[in-house]
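In: Need a 3D model of the following:
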Amino acid sequence: MWKILQPSSIHFGAEVARNYHYPSNCLIITSKGAISRGWIDYLKIKNSNVFDKVEPNPSIKTVEKIMSEYKNENFSSIIGLGGGSSLDVAKFVAFKMRKKKIMIPTTFGSGSEVTRISVLNVDGKKTSFHDEKILADVAIVDPTFIEGTPIEVIKNSAIDSCAQCSEAYDSKLANPYTKFLCNTAFDILEDAILNDKFEKLALGSLLTGLGFGNSSTTLGHALSYVYSNEGIMHGHALSFTTLVAHKFNNSVFYNRFENIVKKLNFKKISLNLDLNTASELILEDKKHLDNNPIPVTKNEIINLLKEIN
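Out: As a prediction, this is how the structure comes out:
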């Protein structure tokens, strides 16, 4: 028996974000640059407030700051606009304030617009919050936003999506529906990356979010967070951690994922934290490790980290 969750309304296509009829009196949660890049003007939203201070790898303190700053406001909706960080913060704020959630990704990798997950930094550690009430009410996926996106952002977003759908395909929580979505997503993403068809990333990311959001990511993500905690971009970390995880799990995606990593040509990463401490932190990540297709021990995690370093 399995259950599928997704936003009640998903809108996809060029300029769909411009043409959507937004409710008035909204709070837009985004990052610095949203105004200068023309994102706010593009949406044509009237009578809205804007919080544009979401940082990369956002902290739970950012959520608390927003809730404190706007505690006396009665917004009709919370709109998340930006990459996964902005969307994760927006979903969690709306969840806590019990407001309608409208999510608009401007990068295409996290799939956050269609998942019930918010990833926030708590006491220096990336923490995944899972709750059906975090799920957006409306997801608006507009490929137009890919225009003008820096190549490093595209690379990090693309490999993030590849890691999510391929890990989720192998997850113990996978079912025929999520496997279909994840396999289809990987095919689209692979073509987009290897053949420089970046306009396809939006659809690949959307299908990834629907797939892994109803399954789970696994060992690759568990390994990645210790690197992200040291400031390495999430996608950059996943290019190495998911690769060694796929090798460990004998994943059908290993060779294809390796080809994508070679194409994107990320710089090698290393960990400052000692491997024993890092492995203990990774072992605490039961949400990812319990769903890994193969049990993993502390010594095996240390060996995987050595392979990366």
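In: hey, where'd the strands end up in the stretch 101-250 of the chain?
Out: Assigned by DSSP state E, counting those that start in this stretch, the stretch 101-250 of the chain shows strands spanning 117-122, 125-130, 138-141.
In: Just checking: what are the partner strands of the second one?
Out: Here strand 125-130 is paired, per DSSP bridges, with strand 117-122 (antiparallel).
In: Which residues does the partner strand contact?
Out: For strand 117-122, contacts defined as CB atoms under 8 Å, 6 or more residues apart in numbering pick out 57-60, 62-63, 84, 88-89, 91-92, 95, 112, 126-130, 134, 213, 229. To be clear about C-beta, it is placed using only N, CA and C from the backbone, and glycine gets the same treatment.
In: of the residues you listed, buried ones?
Out: 57-60, 62-63, 84, 88-89, 91-92, 95, 112, 126, 128-129, 134, 213, 229 (16 or more other CB atoms under 10 Å).
In: Please parse the chain into its domains.
Out: Following automatic domain parsing, one gets these domains for the chain: 9-146, 151-308.
In: Give the rounded mean pLDDT of the first one.
Out: pLDDT averaged over domain 9-146 equals 94, rounded to a whole number.
In: measure that domain end to end?
Out: Length of domain 9-146, first residue to last, CA to CA, to the nearest Å: 22 Å.
In: same check, this time on the last one
Out: By CA to CA, the extent of domain 151-308 from end to end equals 24 Å.
In: how far does it sit from the chain's center?
Out: For domain 151-308, the gap between its own C-alpha mean and the chain's C-alpha mean amounts to 11 Å (CA atoms, centre = their mean, to the nearest Å).
In: cool, and the first one?
Out: Centre-to-centre, domain 9-146 and its host chain are 13 Å apart (CA atoms, centre = their mean).
In: related to what we said a few turns ago, let me have the strands of the stretch 101-250 of the chain in a markdown table, adding distance to Val153 as columns.
Out: Below are the strands of the stretch 101-250 of the chain laid out as a markdown table (distance: least, CB to CB, whole Å):
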| stretch | distance to Val153 |
| --- | --- |
| strand 117-122 | 17 |
| strand 125-130 | 19 |
| strand 138-141 | 16 |
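In: which stretch among those comes nearest Thr149?
Out: strand 138-141 (14.4 Å; CB to CB).
In: can you give me the helices for the stretch 201-309 of the chain?
Out: 201-212, 219-228, 234-249, 254-264, 275-283, 286-289, 298-308 (DSSP state H, counting those that start in this stretch).
In: between those helices, which one is nearest to Val138?
Out: helix 201-212 (13.4 Å).
In: neighbouring contacts of that closest one?
Out: The set of residues external to helix 201-212 that reach it, using CB under 8 Å, 6+ apart, is 6, 10, 12, 105, 108-115, 139, 141-143, 145-146, 154, 157-158, 161, 164-165, 167-169, 171, 178-182, 184-186, 188-189, 192.
In: Please indicate which of these are buried?
Out: 6, 10, 105, 108-115, 139, 141-143, 145-146, 154, 157-158, 161, 164-165, 167-169, 171, 178-179, 181-182, 184-186, 188-189, 192.
In: Just the ones of those residues in helices?
Out: Among those, the residues falling in helices (DSSP state H) are 154, 157-158, 161, 164-165, 167-169, 178-179, 181-182, 184-186, 188-189, 192.
In: ok so, going back, CSV for the domains of the chain, including distance to Met1?
Out: Formatted as CSV, the domains of the chain follow (distance: least, CB to CB, whole Å):
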stretch, distance to Met1
domain 9-146, 16
domain 151-308, 9
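In: Which one of those domains lies nearest to Trp2?
Out: domain 151-308 (4.2 Å).
In: Can you tell me, leaving aside adjacent residues, what's nearest to Met97?
Out: The shortest distance from Met97 to any residue other than its chain neighbours is 6.5 Å, reached at Met67 (CB to CB, 6 or more residues apart in numbering).
In: for the helix or strand hosting that neighbour, packing partners?
Out: Assigned by DSSP states H and E, Met67 belongs to helix 60-69. Helix 60-69 sits against helix 84-97, strand 117-122, with contacts defined as 3 or more CB pairs under 8 Å, 6 or more residues apart in numbering; DSSP states H and E.
In: Please identify the most buried of those.
Out: helix 84-97 (a mean of 26; mean count of other CB atoms under 10 Å).
In: Kind regards, and thank you for your time.
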